[in-house]
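> my questions are about this predicted structure, shown below with the sequence.
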Number of protein chains: 6
Amino acid sequence: MSLTRLTIQPLIDLALREDIGTGDVTTDLTVSPAATSAAELIAKQEGVIAGLPVARWVFETLDREVQFEEVVAEGDGIEFEDDNVTLKLLARLTGRTRALLTGERVALNFLQRMSGIATMTAHFVESVSTISANADQAASRPGKGIRTQVLDTRKTTPGLRVLEKYAVRVGGGTNHRFGLYDAVLIKDNHIAACGGIGIAVARARASVSPTMRIEVETQNLRQVREALEAGADIIMLDNMTVESIREAVLMIAGKAKVEVSGGVNEDNIGDLATTGVDYISVGALTHSAPSLDISLRLL
Amino acid sequence: MSLTRLTIQPLIDLALREDIGTGDVTTDLTVSPAATSAAELIAKQEGVIAGLPVARWVFETLDREVQFEEVVAEGDGIEFEDDNVTLKLLARLTGRTRALLTGERVALNFLQRMSGIATMTAHFVESVSTISANADQAASRPGKGIRTQVLDTRKTTPGLRVLEKYAVRVGGGTNHRFGLYDAVLIKDNHIAACGGIGIAVARARASVSPTMRIEVETQNLRQVREALEAGADIIMLDNMTVESIREAVLMIAGKAKVEVSGGVNEDNIGDLATTGVDYISVGALTHSAPSLDISLRLL
Amino acid sequence: MSLTRLTIQPLIDLALREDIGTGDVTTDLTVSPAATSAAELIAKQEGVIAGLPVARWVFETLDREVQFEEVVAEGDGIEFEDDNVTLKLLARLTGRTRALLTGERVALNFLQRMSGIATMTAHFVESVSTISANADQAASRPGKGIRTQVLDTRKTTPGLRVLEKYAVRVGGGTNHRFGLYDAVLIKDNHIAACGGIGIAVARARASVSPTMRIEVETQNLRQVREALEAGADIIMLDNMTVESIREAVLMIAGKAKVEVSGGVNEDNIGDLATTGVDYISVGALTHSAPSLDISLRLL
Amino acid sequence: MSLTRLTIQPLIDLALREDIGTGDVTTDLTVSPAATSAAELIAKQEGVIAGLPVARWVFETLDREVQFEEVVAEGDGIEFEDDNVTLKLLARLTGRTRALLTGERVALNFLQRMSGIATMTAHFVESVSTISANADQAASRPGKGIRTQVLDTRKTTPGLRVLEKYAVRVGGGTNHRFGLYDAVLIKDNHIAACGGIGIAVARARASVSPTMRIEVETQNLRQVREALEAGADIIMLDNMTVESIREAVLMIAGKAKVEVSGGVNEDNIGDLATTGVDYISVGALTHSAPSLDISLRLL
Amino acid sequence: MSLTRLTIQPLIDLALREDIGTGDVTTDLTVSPAATSAAELIAKQEGVIAGLPVARWVFETLDREVQFEEVVAEGDGIEFEDDNVTLKLLARLTGRTRALLTGERVALNFLQRMSGIATMTAHFVESVSTISANADQAASRPGKGIRTQVLDTRKTTPGLRVLEKYAVRVGGGTNHRFGLYDAVLIKDNHIAACGGIGIAVARARASVSPTMRIEVETQNLRQVREALEAGADIIMLDNMTVESIREAVLMIAGKAKVEVSGGVNEDNIGDLATTGVDYISVGALTHSAPSLDISLRLL
Amino acid sequence: MSLTRLTIQPLIDLALREDIGTGDVTTDLTVSPAATSAAELIAKQEGVIAGLPVARWVFETLDREVQFEEVVAEGDGIEFEDDNVTLKLLARLTGRTRALLTGERVALNFLQRMSGIATMTAHFVESVSTISANADQAASRPGKGIRTQVLDTRKTTPGLRVLEKYAVRVGGGTNHRFGLYDAVLIKDNHIAACGGIGIAVARARASVSPTMRIEVETQNLRQVREALEAGADIIMLDNMTVESIREAVLMIAGKAKVEVSGGVNEDNIGDLATTGVDYISVGALTHSAPSLDISLRLL
């Protein structure tokens, strides 16, 4: 659940250069280079915090000597216990005032987006978990816990996939493949081009790395059966009804993993989870999560 | 309202390399390099389309000979006139099947995000416009049209600011400054560091480029007066009540431009617009707009 | 088995800039910019050809109008049928003489290295294939063909992994994981850090992408058993004797894939293949394959 | 014989990013971020060590606080004095376990390749040196030492030339030109394009930097004479017999430096050296040197 | 008046890599890696010093532990008070000898160019200031000081604009826009394309960011009037006579800022300044300033 | 005397991105994307033209279909034969109006700087040539032509060295080394670090590439003698008087090439040339050449 700075630094540099351009004119003209300040990162909304290391690196990039002390931990859920207190201290910073002011917006842009994703992910995971617990109880299987995992997709912001998929993990979700390169996912167009699910899976099986799994996207039960017979490792049920999903799960009977995809939202994810599928993938986690409201204030 | 390919190409390359990595294994194994296909970009949700040139460039980057024919124009609003038809053709493509399949997700990731931003912007602009029209009518000033402009902020996705601010323009909004480098915006921390609004504005005025304007962020009417006396070009009213805003507008009396900022949403933007301010800035346009649902289907 | 130009072009640019630096002084001083020539790529040694598309792109990068006509196909085996003829025409080129001379060395450096790797891979694959056929015959199972796949490793030239692993595929081998990111491979140090194979596999299983497999490296049969019980997808037998390998294969009994690794060479790969393991990985394919002798001659 | 980190760092970053990609999943899942370890770099084969600074920088890139203590020096020859001891400690490391595990393969990939090149170079240099000493003794000129230098070529791995040519120097060899930009080397195609050796050399002499030498590649004694008369600084004898080489050396008589090139191997380099040429260039040093076997073990 | 290292570092790396290439062979062969030295940066010509932070960063890039102690401050004017002493100590350095020798030329190339620009700018500013003071005195307005600002242009060295415009500020000048992106400057070709000044300004006003000013370039008084009526923020008088300029200033009467441009030199800037224009822009500041003579000597 | 586009393109991209930033707002708002125009590049000052290919590539980068027709050739000298005509057409362009307007400044910035350098170089070369011819005539050696070559130095604009050294060649000059990597130039600090000229040259001779020459910088005749005895290929006479230079030339007597350096200007270069030295190096060619006045006008 960690990030490698070597990989993230180019994104930080890109973001800072985008914002600073030829120079932060306001700060240059109004703040002395020698001035130092203390500051606080504050959440103004409930949610799950993701991106604290990125925020830290943003400030360290501008001033190697900035002190960044985390008050909450990465992945912590922020809840306002008292209706009158709708602020939560996330971290304390001290350093050159110029670095704090110049880095503020970029640090927040990362932190707010990543926390927004983690927060939405946590809501979906929570929904699945609750349903699972209820189902367990109903079926007198207490304590078996969550079985269905919430997956992300490749519907991420161009260039930020590594951060957004990390935020999904922070929120309790699981990553689907990272790109076109690390898993085989045979969709309808591939099937059409090949002449059938069976031949497509066979071709893939003959050549791909043994470390890579093969998933097949299916639109109906006939295709599910074909994928199963072809030996797919994972079968995706795309935009199927709950009834069809149940039937598919019975048909597959554990011989392949099952993923549900398409049109998943907070209203229907509970029903989907009760079908016993292994994974439910949710594009909205990364393409439509609103930012979490976080700000920086100088003391 | 246009984009320069030279500037955007690095983002396209970044996004394609992020997704393709060491190779699109599924397509490589199942689709012949010589195969060609036709395809369609389809909107499945109502909104304003932004990003068609970027989508085109994504495919051209993978296959110089792809044909990309726009059926709707950049900035067109998509409306489903018939309840039974909830699809709208945006563009037709022909080219190598491999290029279409490999580029699909990246092209959509750009197009969906940019259209999402344009769509949300258009809603805010529409709200302001309606209110203005009503106010004009009430005041017997028909036809004066919109006076208040909807602005974006620097709360954009790291690395994508140029695309997101372009999408705001496509949606009918106006861009605030692009970064820390192209305008002076004196906030409370700068004021504190300088010792007052007057001195901060004076310092800025003495040194900055004559092409740059100076804006001052104010929290209350006392600060508004100071900013006005200091000769600020634009005065931002940050998180003020509608009553205070009205008072500020009266005090400023056209001697500076007036911007309202903070906590703006579709519910209160109408009221804010009736105060007669010049600009209302909305962070949500770029940090919380959900994607517009668009997909590509091979024919 | 294909390469994406978008991914390879940065390597071509890097190589050309490394060689050309501030300019090809010899060609500049002795060859007219307007002169054109025909040329031939010639193999002077038997082997398997890999890298023709890269050679083509090198010349196209210097002169968009170069014609590059392949006479043999990527992956073809070159054999000199007549003892007196030890040359084989690979491709014909025409274009600006300057581009041909300036690009020659870089194109050959790619082509010779990639063909060297494909050639060594083909030798290993051939050894396994022969042994398997013999074993089939001995066991009266004619026609079952090859069962053991030859894998590469991460022991590749820094920066060129995508090309070297492609060359392995061209030579008939199969790729192991591409990096630290696309599969879980639990080695002794990870096991030690975790406190055991069981816990290491369990932790990985709980969190990794469902598209990723989990492999465990084992040094002895006790560890093999632990890995099996932990549910590893692939079990690597590291530097074990043929006897131990046979025992391990019996123990695993198809419940996981089996990979042999360590000290594999052309002398012992036959014996290793007869053990019935699924994969044999060979670092030498990419770290010690000598170049294939290929040259360019102007006509 | 040193390397500038500024120049090498991009190669290190390229290699680490290639291997780490979106993250070292195994280490992330099994090793605590706080854990630290000691480790050893061990040679398991005799040879000459090159690349220790690069290995150090790889680990420092991942963890600024890694300690890397060299036990042998760059360029040291490793010999196993005792048949039972076939390991040699090269360096001791301490640092964060994650950094050690994540950086291991990249550090070794650099170190093994560079040491392989240094080792092969040392063998060629040793062969020349022995022959020279014998020849001196036969001619009663003891102690004159080596006269013929072993040169590398431009047949290097794309992108790694600066490291590979450095490794040649570490092994006792001498660098030929680094690229097309830092010397004039007139080959047959340039001669043909110009209309003769004389005119080619004259043109080059008239324009090139006074700091650059002019070398001419010759195929026969007639061309050697032409090159000599044209005033070439260095004359390359390409693929000539030992007899022709001797004749050429007599003809040139010290008026130009003499380089032998083409088909040089450990068997014939001795004979070539006895001809008294100044330089023998060997492409195999960089295009076909096998890796030296080195590994890292955690303590 | 400050520089952000994050923005400048790529230029420093580019310059050092350009100069060092595959290695500083002379220093490598003659200076021990362990040797340290003290050195001095010395001005050998009178002028204004700009670029000391860049020189410092050059050396720090090569050796993190270099000590760089400024003896004069950025922006200080160097004057030789005694005819016999034509040297002025600018800074003292200590560090590894290799770093000092390898970085010397690049540090000086930055420092000499930037100081050359600052020096020329200071001369122009001084000319304007003297004239203004004289004019004030003549008009019995002592102490009103300088009113006309000296501006730079976009006629800068490709890639170095941020440094050159900074040097202009150090020399007392003011920056015009940084590029095509941060101000609207409507020239004759834009006017022709639009069909008139009025429509061009109106279009720009309707769409551009409220933080951006609109300037119109005019060739004659008719155009000045049009620009004024169109509501231009700044009116540029291009290549007009002093008489026309005076007339234009009267016509504009403070309703817009006035910039004079074209053919400005040290001879005529005085006359131009007496016209009372707000700005005089001088391309020569960045395209034709000779270097200031500065050198480094090891002690 | 040519440029490789692969090498120059990154500089063009850097310059265009620097100028265009987030977009050419003026052109976007006032010029239709479909509009096309013809334009002319015009010299408004006499001089030598260098950089036409770079100007062409700038426009081609923005619009692949721009037509760029050279009217004068690279390296042509521009002279105004008629006092009333002080303009000279250099090239004709046609293409999209937007591309012409957006690329104008960057193309001119390259072309004006490069032509400025070529022009100053041509003046120095002409001075040497005239003196040489006079000296030949005086000594009754008509027709021997120029013997002394004018060299550039490493005092170039950071990042633009390859273009500036090319412009020196266009102006008739000769390039000294390109960087620290392609020649050995032993200066006083290196000598001091080594313990003498003899040992420094010997060390360099033992290790450097045979294609590289060794130059020694000398301050007096004693050092000249040492450099000569050490076998330096080139001896630089740094800041010596004409008398000392004559003495040094006699002492060296053709056994090494001789370069004069330091304080060379158009006034003294004639005297220096009569001493019979091989090379005179002039830093001002690249660090202080004023731009040549060139402009673009749309038709």
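Perfect, thanks for sending it.
> enumerate every residue touching the residue nearest to residue A:152 when sequence neighbours are not counted.
In this structure, residue A:152 finds its nearest non-sequential neighbour in residue A:168, 4.4 Å apart by CB to CB, 6 or more residues apart in numbering or on different chains. C-beta here means a position set from N, CA and C on the backbone, and glycine is covered the same way. Going by CB atoms under 8 Å, 6 or more residues apart in numbering or on different chains, residue A:168 touches A:117-118, A:121, A:152, A:174-175, A:285-286.
> now residue A:168: which helix or strand?
Element membership for residue A:168, per DSSP states H and E: helix A:161-170.
> what's the answer for residue A:150, then?
strand A:149-151.
> if we can go back for a sec, quickly note the distance from the residue nearest to residue A:152 to chain E.
Here residue A:168 is placed at a distance of 29 Å from chain E (CB to the nearest CB, to the nearest Å).
> which one is residue A:281 nearest to, not counting chain neighbours?
residue A:151 (4.0 Å).
> what's the burial count for that neighbour?
For residue A:151, the count of nearby residues is 26 (other CB atoms under 10 Å in any protein chain shown).
> doesn't residue A:89 lie inside a helix?
No. Counting by DSSP: H, G, I helix; E, B strand; the rest coil, residue A:89 is not found in a helix; it is strand.
> what residues are up against it?
Residue A:89 touches A:40-42, A:71-72, counting by CB under 8 Å, 6+ apart.
> now restrict those residues to buried residues only.
A:40-42, A:72 (16 or more other CB atoms under 10 Å in any protein chain shown).
> what's the closest of those residues to chain E?
Chain E lies nearest to residue A:41 out of the buried ones among the contacts of residue A:89, by CB to the nearest CB, at 21.0 Å.
> can you pull the pLDDT of that closest one?
Note on residue A:41: pLDDT of 97.
> hmm, the longest helix belonging to chain A touching chain C?
Counting residues, the longest helix found in chain A (DSSP state H) is helix A:97-138. No. Residues of helix A:97-138 are not located near chain C by CB under 8 Å from any CB of the partner chain, the shortest gap being 13.1 Å.
> what angle sits between that helix and helix B:161-170?
80 degrees (axes from the mean of the first three to the mean of the last three CA atoms, to 10 degrees).
> any idea of the mean pLDDT in helix A:97-138?
92.
> quick one: it near chain D?
No. Using CB under 8 Å from any CB, we find that helix A:97-138 stays clear of chain D, coming within 15.2 Å at best.
> now the helix or strand containing residue A:200: buried residues?
Using DSSP H and E, residue A:200 falls within helix A:197-207. Buried residues in helix A:197-207, counting neighbours by 16+ other CB under 10 Å, are found at A:197, A:200-205, A:207.
> equivalent analysis for stretch A:272-279, please.
Those buried within stretch A:272-279 under the rule 16+ other CB under 10 Å are A:272-279.
> got the residues you listed as a markdown table, with distance to residue D:93 and pLDDT columns?
Output for those, formatted as a markdown table (distance: CB to CB, whole Å; pLDDT from 0 to 100):
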| residue | distance to residue D:93 | pLDDT |
| --- | --- | --- |
| A:272 | 49 | 94 |
| A:273 | 47 | 93 |
| A:274 | 52 | 92 |
| A:275 | 51 | 94 |
| A:276 | 49 | 93 |
| A:277 | 46 | 96 |
| A:278 | 41 | 96 |
| A:279 | 40 | 97 |
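> got CSV for those, with distance to residue E:257 too?
Shown next, in CSV, are the buried residues of stretch A:272-279 (distance: CB to CB, whole Å):
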residue, distance to residue E:257
A:272, 64
A:273, 66
A:274, 70
A:275, 70
A:276, 72
A:277, 67
A:278, 68
A:279, 63
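> show me which pair in the residues you listed is furthest apart.
Spanning the widest gap among the buried residues of stretch A:272-279 are A:274 and A:279, at 14.4 Å by CB to CB.
> hmm, stretch A:19-33 in reach of chain F?
Yes. Against chain F, stretch A:19-33 shows contacts by CB under 8 Å from any CB at residue A:21.
> any idea how far apart the tips of that stretch sit?
End-to-end distance for stretch A:19-33, by CA to CA, to the nearest Å: 19 Å.
> where does the prediction get shaky in chain A?
A:1, A:136, A:139-146 (pLDDT under 70).
> sorry, back to before: so which elements touch whichever helix or strand comes after the helix holding residue A:168?
Using DSSP H and E, the helix or strand that follows helix A:161-170 in sequence is strand A:184-186. On a contact count with 3 or more CB pairs under 8 Å, 6 or more residues apart in numbering or on different chains; DSSP states H and E, strand A:184-186 meets helix A:197-207, strand A:214-218, helix B:25-30.
> what's strand A:184-186 in contact with?
A:177, A:197, A:200-201, A:204, A:208, A:212-217, A:232, A:236, B:25-26, B:29-30, C:211.
> quick check: the residue nearest to residue A:19 when sequence neighbours are not counted vs residue A:119, distance?
Distances taken as CB to CB, 6+ apart put residue B:179 closest to residue A:19, at 4.7 Å, once the chain neighbours are dropped. Computed as CB to CB, to the nearest Å, the residue B:179 to residue A:119 distance reads 28 Å.
> likewise residue A:34?
Taking CB to CB, one finds residue A:34 at 39 Å from residue A:119.
> what does residue A:36 give?
Residue A:36 is 33 Å from residue A:119, by CB to CB.
> quick revisit: what would the contacts of residue A:89 look like in TSV with distance to chain C?
As requested, the contacts of residue A:89 are arranged in TSV below (distance: CB to the nearest CB, whole Å):
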residue	distance to chain C
A:40	32
A:41	27
A:42	31
A:71	26
A:72	22
